[in-house]
Structures are given as structure tokens and as C-alpha cells.
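> sharing a sequence plus its predicted fold:
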Amino acid sequence: MASIESKKYHRGYSLFKSLVHTFVFMLVFAPQITERLKYVLDEILLHRFGLSYSITDKPDYFNASQTPKINYSQELIQGCVNIPMVDLLFQETIAKQAIEVKENTYWRKIFFSKTYSEIPDFKIDTSYLPFDLLAASFYLLSRYEEYLPTKLDEHNRFKAENSLAFQHNFLSIPLIDYWLQSFKKSIHTCYPKLKLNQGKFTQINSIDIDFAYKYKGLSPLSKLRKFIGSAMKGKLNLLPFYPPEKDPYDQYLFLAEAADEKEIETIFFFLLANYGNHDKNIAPQRVEIKQLVQTLHKKYTCGIHPSYKGSLVNKLYQKEHQFFKEYTGADARLSRQHFLKIKMPDTYVKMLKMGIEHDYTMAYSKQIGFRASTAKPFKCYHLLEEKTLDVWIHAPCLMDVTLKYALNLTIDEAKQTIKRLKETVSEVDGEFISIWHNSNLSEEENWNEWRAVYLSLFE
């Protein structure tokens with residue numbers, strides 16, 4: 001079993017390799033060079049394709065260049081890749097966009113459609129797209145729609161139902177990743193010998209520890225609270241005072257070993273907050289939680305699971321990070337927000353200040369699929385300040401409670417859903433990330449047979 005230091009090294013090395021490229025160069029023409037444009041070119045050309053690039057706004061220089069080229073403008077140019085331009089990447093405001101999503105046999109779904117006024121009979125290889133791939137990708141990756149006024153849910157979260165992906169039936173696919181597969185073909189039409197990164201399918205098993213134990217480590221007040229609660233339901237429970245030898249929520253060995261057998265990485269996210277309406281783990285000061293964190297941290301990748309209240313109160317957020325560092329001897333570098341609470345861009349600004357490098361929150365609680373329309377990690381873009389934040393966003397595509405409670409799936413339906421999503425992510429060489437909870441594999445919590453659903457992840 002790799003140590004936590006080893007896992008962090010391999011994570012960092014893998015990311016480093018994706019940023020160390022061959023000396024393959026792409027020249028991009030655009031009428032203006034903006035931070036939005038540089039961000040999306042970084043994501044597509046640099047991070048995904050492994051291409052170094054530069055941008056020029058000088059037509060004569062672009063036309064004279066003999067390097068591989070992309071023309072991003074409203075005029076079609078012979079002998080290169082052409083992407084028709086809309087205004088989004090050159091705007092300096094955040095405003096509701098006029099978006100018409102169209103079905104397309106080759107590109108699946110497209111928006112920001114744009115046609116050239118004249119398409120001549122080219123004498124050399126030329127390719128052109130029917131829509132502004134850069135602006136459309138930027139809109140989805142930056143989570144532009146989450147900055148716009150909209151009705152939030154009961155936890156002040158952006159609702160899946162208000163997203164472009166949900167409304168136009170592409171939430172279930174990583175649309176950007178499919179676009180980029182087709183875009184590679186457009187590039188190879190002009191430059192067949194150009195080598196582009198292929199990517200590699202990976203699977204990440206992630207566990208949120210909202211409730212470390214059901215009975216173990218409870219304070220006297222928590223024991224009394226559980227006892228009174230059971231009495232009020234007419235199901236008197238004395239186990240808080242006389243706990244079983246093995247706690248029902250102690251499912252850590254089962255969770256980890258199933259992934260270990262397939263050499264799949266498991267990440268544990270710890271909720272280290274005092275008791276509250278939505279934060280009900282045992283107190284972070286308890287020796288039981290400290291020992292659990294230390295035990296798992298020795299063998300597995302671990303991160304912070306910032307609390308519901310901590311997402312609202314900075315001092316609490318900082319205190320939770322302090323607990324993590326005290327117990328592990330290291331700063332938290334990975335995180336996932338409790339209740340999947342994201343507020344763009346505030347949540348990621350806070351992460352950056354606390355040294356978070358990788359976040360795994362980009363998912364919906366009541367719908368499965370791809371919130372940012374990608375199954376690959378990407379950097380966060382701060383639309384209010386027009387800059388890239390040095391936080392990598394990883395997007396889970398399913399969660400146990402979503403399958404069981406929000407979608408009301410049967411055991412077989414849940415297994416088939418997992419299989420379908422895994423196959424979809426594999427098609428685009430993405431990261432297949434799922435969210436599970438140790439407390440949800442206890443038979444006491446009416447999760448009978450869901451252990452089989454969990455195991456189906458690794459088939």
C-alpha cells in the first residue's frame with residue numbers, strides 16, 4: 001500500500017507531466033488577447049492536448065507563419081483550423097447570454113453557432129467549425145451561469161434544473177470532452193502529423209466522513225440526544241450507552257479494500273466541525289476522530305470536508321483546517337464541501353487562501369452527471385476579477401444518496417447507472433469519480449444491499 005506521501009507525489013507528478021509538453025507549437029490568431037481567451041486556450045491546447053501556443057492579433061504575422069495555426073475570428077482563412085468567433089471572450093461584464101442549443105450529428109449539441117459568410121473552394125487542407133467552441137467551453141467551465149441571478153435551493157446552492165445542461169439534456173454526458181475529441185479530428189485535417197495528448201481513463205473512489213461513528217466517541221450530551229430521539233420515535237435505543245463492539249459506521253476497511261484490490265485510489269474527506277444543524281459528526285476534539293484521521297492518513301489520500309457552517313463563517317473554516325493539520329502534520333491540499341455547497345467564486349477563493357490545490361465538490365446533490373460538462377480536471381476561473389485561480393476542480397458524476405433518495409433507483413437501476421457513467425467517462429479518457437459515505441453502508445440505516453452497488457464500481 002502506498003503511503004500518503006507517495007500518493008501525493010504521484011498525484012503531483014501526474015499533473016506535472018500533463019503540463020510538461022513537447023515542443024509542439026500552435027499559433028492562434030484573435031483580434032484581441034484577453035484573460036478569458038488565455039484561460040480556455042490553456043485548458044484545451046495546453047492541459048488537454050499538450051500543445052504550447054502563442055496568440056497574435058497581427059494578421060500578416062499569422063498568415064506568414066508556417067507553424068500549425070488556429071484562426072479565431074469572423075473571417076475564414078485558408079490552410080488552418082478556423083473557429084468562428086462570438087463576443088463572449090472579449091466582454092468585460094457578466095450578463096445573460098442569448099444561447100440557442102442545437103442538435104448536431106457530429107458535435108452532439110452545440111451553442112454559440114456561427115457560420116461564415118462565404119466558404120470558398122480551398123486549394124489546401126482547411127477545417128472550420130460550425131460554432132464557437134472556445135466561448136462555449138468557457139461558458140461551461142467557468143460556470144458562467146452560476147454567476148447569474150437565479151433561484152437557489154434550500155441550502156443556497158445553484159440548482160441543476162436551472163443549468164443549461166439539464167434544460168437541454170446533456171447533463172448526463174461530458175459534452176466538452178466529446179467536443180474536444182471532434183476538435184482533434186479538425187486539427188488533424190490540417191495537420192495530420194501533429195501529435196496530441198490522448199489522455200488516460202482513471203477512477204477515483206471518494207468517501208465523505210460526515211459521521212465517523214454512530215456510537216463510538218459520543219459525548220454524554222450526544223448520547224442523551226440520541227436516546228431521547230429514539231424514545232420520541234417509539235423505538236427506545238440503549239446502544240448510545242451500551243455500544244456494540246463494532247460500530248455500524250465503521251465501514252472503512254470494506255470501503256478501502258474493495259478499491260485496493262483493483263488498484264484504485266481512495267480519498268477520504270473528514271468533517272472536523274463542532275455539532276450543528278447540518279454538521280453532526282462527533283466533535284473534532286475527541287480522541288476517536290483524531291485516531292481515525294491519523295490511521296487513514298497513514299495509508300490513503302485524505303482531505304478536508306469543510307462544514308456547512310464553516311462555509312459561512314471563515315473562522316470556523318480555518319479552525320477545521322487547523323484540526324486537520326494538527327492530526328496529520330500536513331496542510332490539507334484536497335477538499336470537498338459538505339452538502340456540496342459551492343458559491344462562485346467565493347468558495348474557491350477561500351480554498352486558495354487555505355492552500356487547497358484540488359477540489360472535488362463540482363457535482364449536484366439531486367442529479368447525477370457532469371455539472372461542468374467535463375470529466376477531466378480543470379482550473380477555476382474567477383469571473384469577477386477575470387483571472388485563473390490555482391485550484392484544480394475535479395468533477396464527480398454520481399453520489400450514493402443521489403442514486404437512492406433523489407432518483408429513487410432500485411439496486412439494479414443503480415448498478416446500471418454506474419456502469420453507464422463509467423463507460424461514458426472511459427470513452428473520453430476522463431476521471432470517473434464517485435462520492436460515498438461510510439455511514440450509508442450500514443444495514444441499520446436502511447441501506448440493505450447497497451454494499452453490492454458499491455462493489456459494482458469496481459467491476
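Nice, thanks for sending it over.
> not counting sequence-adjacent ones, nearest residue to the most centrally placed residue in the chain?
Residue closest to the average C-alpha location in the chain (CA atoms, centre = their mean): residue 395, at 1.7 Å. Leaving aside its chain neighbours, residue 395 sits nearest to residue 362 (4.2 Å; criterion: CB to CB, 6 or more residues apart in numbering). The C-beta positions use only the backbone N, C-alpha and C, and glycine is treated the same way.
> ok, the one you found to residue 348 distance?
Distance, residue 362 to residue 348, by CB to CB, to the nearest Å: 10 Å.
> distance-wise, check the residue nearest to the centre of the chain relative to residue 207.
17 Å.
> quick one on the thing from earlier: and the residue nearest to residue 395, which of the three is it?
Assigned with DSSP: H, G, I helix; E, B strand; the rest coil, residue 362 falls in the coil class.
> quick one on the thing from earlier: overlap of the contact sets of residue 362 and residue 348?
Residues touching both residue 362 and residue 348 (CB atoms under 8 Å, 6 or more residues apart in numbering) are residue 393.
> what sits against the residue nearest to residue 144 when sequence neighbours are not counted?
In space, and not counting its chain neighbours, residue 144 is closest to residue 383: 6.6 Å by CB to CB, 6+ apart. Taking CB under 8 Å, 6+ apart, we find residue 383 in contact with 94, 142, 144, 147, 344-345.
> now with 10 Å, please.
Residues near residue 383 by CB atoms under 10 Å, 6 or more residues apart in numbering: 35-36, 93-94, 138, 142-144, 146-147, 344-345.
> could you do residue 421 as well?
Contacts of residue 421 (CB under 10 Å, 6+ apart): 172-174, 368-370, 375, 397-398, 432, 434.
> averaged pLDDT, the helix or strand it falls within. What do you get?
Using DSSP states H and E, residue 421 maps to helix 411-427. In this model, helix 411-427 has an average pLDDT of 98.
> repeat for stretch 209-228
For stretch 209-228, mean pLDDT is 83.
> what's the span of it from first residue to last?
Start-to-end span of stretch 209-228 (CA to CA, to the nearest Å) is 24 Å.
> what do you get for stretch 75-83?
Stretch 75-83: ends 9 Å apart by CA to CA.
> list the buried residues of it.
Within stretch 75-83, the residues that count as buried by 16 or more other CB atoms under 10 Å are 76-77, 80-83.
> ok, stretch 326-334 next?
327-328, 332-334.
> need these in TSV with distance to residue 305, can you?
Converted to TSV, those look like this (distance: CB to CB, whole Å):
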residue	distance to residue 305
327	13
328	14
332	10
333	14
334	10
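> all helices of the stretch 251-400 of the chain, in order?
Assigned by DSSP state H, counting those that start in this stretch, the helices in the stretch 251-400 of the chain fall at 252-260, 287-299, 314-328, 346-353, 400-401.
> so for residue 189, which of those sits nearest?
Closest to residue 189 of the helices of the stretch 251-400 of the chain, according to CB to CB: helix 346-353, at 37.0 Å.
> nearest spatial neighbour of residue 123, skipping sequence neighbours?
The shortest distance from residue 123 to any non-neighbouring residue, by CB to CB, 6+ apart, is to residue 78 (7.1 Å).
> residue 424: which of the buried residues of stretch 326-334 is nearest?
residue 334 (24.3 Å).
> I'd guessed residue 56 sits against residue 32; true?
No - counting by CB atoms under 10 Å, residue 56 does not reach residue 32; the two are 11.1 Å apart.
> which helix or strand contains the residue nearest to residue 123?
Going by DSSP H and E, residue 78 is not in any helix or strand.
> same check on residue 26?
Counting by DSSP H and E, residue 26 is part of strand 25-29.
> show me what that strand is packed against.
helix 35-41, strand 52-56, helix 59-64, strand 69-73, strand 81-84 (3 or more CB pairs under 10 Å, 6 or more residues apart in numbering; DSSP states H and E).
> could you redo the last one with a cut-off of 7 Å?
For strand 25-29, the packing partners by 3 or more CB pairs under 7 Å, 6 or more residues apart in numbering; DSSP states H and E come out as strand 52-56, helix 59-64, strand 69-73.
> which of residue 56 and residue 32 has more residues huddled nearby?
residue 56 (15 against 10; other CB atoms under 10 Å).
> how close does that one get to residue 29?
6 Å.
> before we move on, what about residue 211?
Following CB to CB, the distance that separates residue 211 from residue 29 is 55 Å.
> same check, this time on residue 154
Distance check for residue 154 against residue 29: by CB to CB, it reads 48 Å.
> and the two? Which one has more around it.
Between residue 154 and residue 29, counting by other CB under 10 Å, residue 29 is the more crowded of the two (22 against 6).
> looking at the helices and strands packed on strand 25-29, which is buried most?
strand 69-73 (a mean of 22; mean count of other CB atoms under 10 Å).
> so residue 436 sits in a strand?
Yes - counting by three-state DSSP, residue 436 is found in a strand.
> for it, give me its contacts.
Listed by CB atoms under 7 Å, 6 or more residues apart in numbering, the contact set of residue 436 reads 207, 255, 400, 454.
> for residue 362, same thing?
371-372, 393, 395.
> show the contacting residues for the nearest residue to residue 316 once chain neighbours are set aside.
Nearest residue to residue 316, sequence neighbours excluded (CB to CB, 6+ apart): residue 310, at 4.2 Å. For residue 310, the contact set (CB under 7 Å, 6+ apart) comprises 273, 316-317, 320.
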